[in-house]
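Undergrad: have a look at this prediction, sequence included:
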Amino acid sequence: MRTRGRPLPLLAATLLLTACSVVSDPDPPDRATPEKETVRLGVGNVIETAPVRIAVQNGVFRRAGLDVELVEQPSGKATVESLANGELDLAFARNVPLFRAAARGVPLRVQGEAYVAGADSMALVTLPDSGPTEPTDLAWPSIAVDGPESLGTLTTRSVLDTAGLAPETITFVPTPAPQRVEALRRREVDVAWMVEPYITLAQKDHGARLLADSARGATEAFPMSSYATTREFADEHPRTVAAFRRALAEAQRLATDETRVREALPDLTDVDEVTAALVSLGNYPQVANAVRLQRVADLMQGAGLLQERLDVRALVAEPELSGREHV
């Protein structure tokens with residue numbers, strides 16, 4: 001018995017040394033110090049970027065070795081331009097302007113998805129005294145959207161095509177999001193395409209009603225936005241973008257708790273607690289899914305926003321997460 005027992009202390013010491021060598025590895029290749037520790041990240045819609053904003057406040061990116069400076073952007077087009085000319089290191093943008101830019105030859109790299117639409121998180125909205133109550137009631141409608149070739153026009157065309165409206169009967173009126181309710185009140189447009197929190201604000205403050213959910217049919221669970229870099233930045237700063245992706249995945253994971261997002265909204269924007277409790281939230285993917293994003297590019301091609309098919313897989317950075325992906 002004593003003879004068999006003698007190797008145990010040696011075995012325990014060996015295991016302890018092995019464990020220490022694994023734990024104490026100070027600089028594994030994928031967790032090395034980022035080449036650029038301070039990065040400028042362009043951001044937009046507060047609902048879609050809420051996880052990143054919360055994560056910056058709570059030190060999630062700092063723990064990954066990054067000091068993230070958030071830079072508010074006025075539009076997707078401006079964001080892509082700022083990214084391409086080096087004013088931003090990384091940027092949030094809607095997938096439609098991102099993919100249009102990529103098709104024009106702008107060398108972009110998608111580092112992660114930002115937001116996937118949920119029920120009523122984007123919608124066609126009217127006021128109570130407007131005539132139409134169903135999409136089929138529309139005849140030669142004028143519709144306020146975010147831009148002439150944008151997520152709003154793309155999803156509106158899809159929804160109204162399903163309702164039987166020919167594209168040539170629709171007039172799109174580019175209107176800043178905060179001004180769309182006023183455009184409805186002045187009868188400058190018949191309908192407004194909106195996202196949260198503007199939908200809930202219009203309902204709460206003006207009695208607005210939803211003419212149609214824009215996340216239905218071909219646009220159900222539609223990928224709305226992503227985070228991207230230029231390929232040049234990604235190639236020159238591989239450890240920086242790897243650290244960003246890890247922190248982004250953690251931020252998105254934490255946002256699966258809707259309560260966390262709703263409680264943070266009043267501090268992130270000017271919505272009150274009641275509005276924050278009522279907004280319809282979509283989903284925050286933890287990794288970029290090229291198959292899901294391809295839906296956007298294919299719908300864009302079908303709508304004439306892209307002349308040729310765009311292979312989204314060529315734009316998407318390889319995910320570093322293992323195991324089951326959460327969407």
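TA: Sure, I can see it. Numbers count the residues shown, from 1 in each chain.
Undergrad: from the chain's centroid, how far away is stretch 88-103?
TA: For stretch 88-103, the separation from the chain centroid amounts to 11 Å (computed by C-alpha atoms, centre = their mean, to the nearest Å).
Undergrad: other SSEs contacting the helix or strand where residue 194 lies?
TA: Element membership of residue 194 [criterion: DSSP states H and E] is strand 191-195. Here strand 191-195 touches strand 122-126, strand 142-145, helix 151-162, helix 180-185, going by 3 or more C-beta pairs under 8 Å, 6 or more residues apart in numbering; DSSP states H and E. From N, CA and C alone the C-beta is placed, and that goes for glycine too.
Undergrad: okay, those in a markdown table with mean pLDDT next?
TA: Below are the helices and strands packed on strand 191-195 laid out as a markdown table (pLDDT from 0 to 100):
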| stretch | mean pLDDT |
| --- | --- |
| strand 122-126 | 97 |
| strand 142-145 | 97 |
| helix 151-162 | 96 |
| helix 180-185 | 96 |
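Undergrad: right, and those - which one's nearest residue 278?
TA: Relative to residue 278, the nearest member of the helices and strands packed on strand 191-195 by C-beta to C-beta is strand 122-126, separated by 13.7 Å.
Undergrad: may I see the buried residues of whichever helix or strand comes after the strand holding residue 194?
TA: Once strand 191-195 ends, the next helix or strand along the chain (criterion: DSSP H and E) is helix 198-206. Across helix 198-206, burial judged by 16 or more other C-beta atoms under 10 Å covers 198-203.
Undergrad: would you reformat the residues you listed as TSV and include pLDDT and distance to residue 109?
TA: Output for the buried residues of helix 198-206, formatted as TSV (pLDDT from 0 to 100; distance: C-beta to C-beta, whole Å):
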residue	pLDDT	distance to residue 109
198	97	30
199	98	32
200	97	34
201	96	35
202	97	36
203	97	38
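Undergrad: of those, closest to residue 239?
TA: Distances from residue 239 to the buried residues of helix 198-206, taken by C-beta to C-beta, are shortest for residue 198, at 38.2 Å.
Undergrad: from residue 261, how far out is that closest one?
TA: Distance, residue 198 to residue 261, by C-beta to C-beta, to the nearest Å: 17 Å.
Undergrad: again, but for residue 240
TA: On the measure of C-beta to C-beta, residue 240 and residue 261 end up 26 Å apart.
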